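> give me the fold of what follows.
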Amino acid sequence: MNTLLLLIVILGQYDFTIARLKYQGGGDWYSDPSSLPNLLAAIKERTNIRTTPREEIVEITDPKLFEHPYLYMTGHGNVRFTDEEIKILRTYFAAGGFLHADDNYGMDSSFRREIKKVFPDSPLTELPFDHPVYHSFYDITNGLPKIHEHDGNPAQGFGIFYESRLVVFYTYECDLGDGWEDPDVHDDPPEKREAAFRMGINIVIYSLTN
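The predicted structure is shown next:
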């Protein structure tokens, strides 16, 4: 998406939503059910962007995929893309689509395997903390927040670029989606939830302006 479409969003001619990817392979693509409605509400409250109350659920082979410039995927388990889906994803990214992949602890190995099939010559690269995705709305100087401990490793943000444009942002060892969930789901402290919302809004704003 570009600044023209962002202007359309701000002027209220388009209700922004997030498309949740229903992928194959057995992973729980549906996890954190309250996360995206809460993130959409936060975007509406804190920015000039009008949003829908809930996300849309799409499969890669659904023609409606191309109606959604912002694609989100999460889960704990296996991810698998068919050959047809790989071709569609390449077309989607070339047409301006953006994917935020949010590992919910368990998706990492299969996601890395499958996204490499989509971009065999463009490896996931860790983004430096001065990358604009960390500063598009809120100024986040230390990179991704660490919402849940899991293995105790630092949270990392990885990207894949297509023609110099960031088209895939992969949040690893972070669990942003858990931080967006209703407060009583994980009992995360308010400061962690706030950090998660700030990062989520940054990712959306970045995708709309680049």
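> now do the same for Q13: its pLDDT.
As predicted, Q13 sits at a pLDDT of 58.
> could you do V9 as well?
pLDDT recorded at V9 is 52.
> number the residues from 501 up from this point.
OK, 501 is where the count begins now, so the last one is V509.
> any idea which helix or strand in this structure has the lowest mean pLDDT?
Confidence across the helices and strands of the chain bottoms out at helix 503-510, with a mean of 48, counting by mean pLDDT, DSSP states H and E.
> next helix or strand past that helix?
Towards the C-terminus, the helix or strand next in line after helix 503-510, according to DSSP states H and E, is strand 519-521.
> neighbouring strands - and their directions - for that following strand?
strand 556-558 (parallel), strand 570-575 (parallel) (DSSP bridges).
> could the ones you listed be laid out in a markdown table, adding mean pLDDT?
Output for the strands paired with strand 519-521, formatted as a markdown table (pLDDT from 0 to 100):
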| stretch | mean pLDDT |
| --- | --- |
| strand 556-558 | 98 |
| strand 570-575 | 97 |
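> of these, which approaches G526 most closely?
Minimum separation from G526 across those (CB to CB) falls at strand 570-575, 9.3 Å. (Each C-beta comes from the backbone N, C-alpha and C, glycine too.)
> element containing the residue nearest to I703 when sequence neighbours are not counted, please.
Nearest residue to I703 in three dimensions, chain neighbours excluded: H600, at 5.5 Å (CB to CB, 6 or more residues apart in numbering). Element membership of H600, judged by DSSP H and E, is strand 598-603.
> sweet, I'm off.
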